[in-house]
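> Just the structure for this:
(one chain, ligands or ions: 4)
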Amino acid sequence: MKTYYRSIDSIRCILSLLITLILTVSITNVSIAKREKEYVAKQIDNIKIDGKLNEWVNAEVVNFDQLKDVGVELPKASDFSGNGRVAWSANDPTRIYFAVEITDDKLQDINPDNARWWEDDSVEFMFDFDNEMVRAALVQWTLGANGKDHSAAASRENTEWVLIREGTKYTYEVAIDAAGPRGPNPGNANAGKDFKAKDGLTIGLSFHMNDCENGQRQHQIGWIAGQAWDALAYGDLTFDKESLDVEPSGKLALTWGAIKR
Ligand SMILES: [Ca+2]
Ligand SMILES: [Ca+2]
Ligand SMILES: [Ca+2]
Ligand SMILES: [Ca+2]
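Ligands and ions are numbered 1, 2, ... in the order given. Prediction:
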């Protein structure tokens, strides 16, 4: 009888170990990276990359007010100010959408496409797709404020974007395709090639502006403080299934269920 109970006990013990193991595996399968800041990106279906941000009105806006590689103090708002938004769609899972609004008093564009891009006014989108948190995992897309230059991993094939300039105001609307062919200076060329956004997934993100004037880069400034290539100075970008879709009037689209309530 004792042997019988003992074997029941060991079966229980094995079962509970198995359950713990299954739970651990399923929890670690969901990305749970916890960097200091988090942006929860929601869905925009039917995005139109046209530089008009009407489909973005319900997205969280984060200011570019953290110094990165260059700059000793924050610039005056008229010299530089900026903000960004991020979204995605489950129907288009290899792409990440961005809206970035910049105010910059002087446009510097002194280098050709894909050369010393950090010394021309430009916005950089940098990713740690696999949460490896090391430099060798980071990938950079850079888009010139001239509305033309693709640099680093950015290419015409992997980036759909429109930049609208009205005086000192620049509006970027961008869709970055992690799976598309990388540009001529791709850095860690294979990182993120299998990326697919899905509800609950977290990756690392830094996005920021190279603000240049008088032949040099005066500030690098964005959402997260710390060096652009320091993988620990990134924020969590988490994809959430909630929809940001708006009706043409600009109101949130309501379902009949929500209206009845
Ligand atoms: Ca648009
Ligand atoms: Ca400036
Ligand atoms: Ca240039
Ligand atoms: Ca500038």
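
> Can you tell me the centre-most residue of this protein?
Central residue check for the chain by C-alpha atoms, centre = their mean: the C-alpha nearest the mean position is that of Leu205, 4.7 Å away.

> so how far is Asp113 from it?
25 Å (C-beta to C-beta, to the nearest Å). For glycine as for every other residue, the C-beta is placed from the backbone atoms N, C-alpha and C.

> picking that back up, list the contacts of the residue nearest to the centre of the chain.
Tyr39, Val86, Phe125, Met126, Phe127, Asp128, Trp223, Tyr234, Gly235, Asp236, Leu237 (C-beta atoms under 8 Å, 6 or more residues apart in numbering).

> pretty sure the last one contacts Gly204?
Read that as Leu237. Yes. Checked against C-beta atoms under 8 Å, the pair Leu237 and Gly204 is within contact range at 7.0 Å.

> hey, what's in contact with both of those two?
Phe127.

> In terms of neighbours, single out the busier of these two.
Set Leu237 next to Gly204 and count neighbours by other C-beta atoms under 10 Å: Leu237 wins out with 28 against 25.

> how near is the nearest residue to Gln108 once chain neighbours are set aside to ligand 4?
Spatially, and ignoring its direct neighbours in sequence, Gln108 is nearest to Cys212 (3.9 Å; C-beta to C-beta, 6 or more residues apart in numbering). Relative to ligand 4, Cys212 is positioned 5 Å away (C-beta to the ion, to the nearest Å).

> For Cys212, which three-state class applies?
strand (DSSP: H, G, I helix; E, B strand; the rest coil).

> Run through the residues that contact it.
Counted by C-beta under 8 Å, 6+ apart, Cys212 has contacts Gln108, Glu119, Asp120, Asp121, Gln218.
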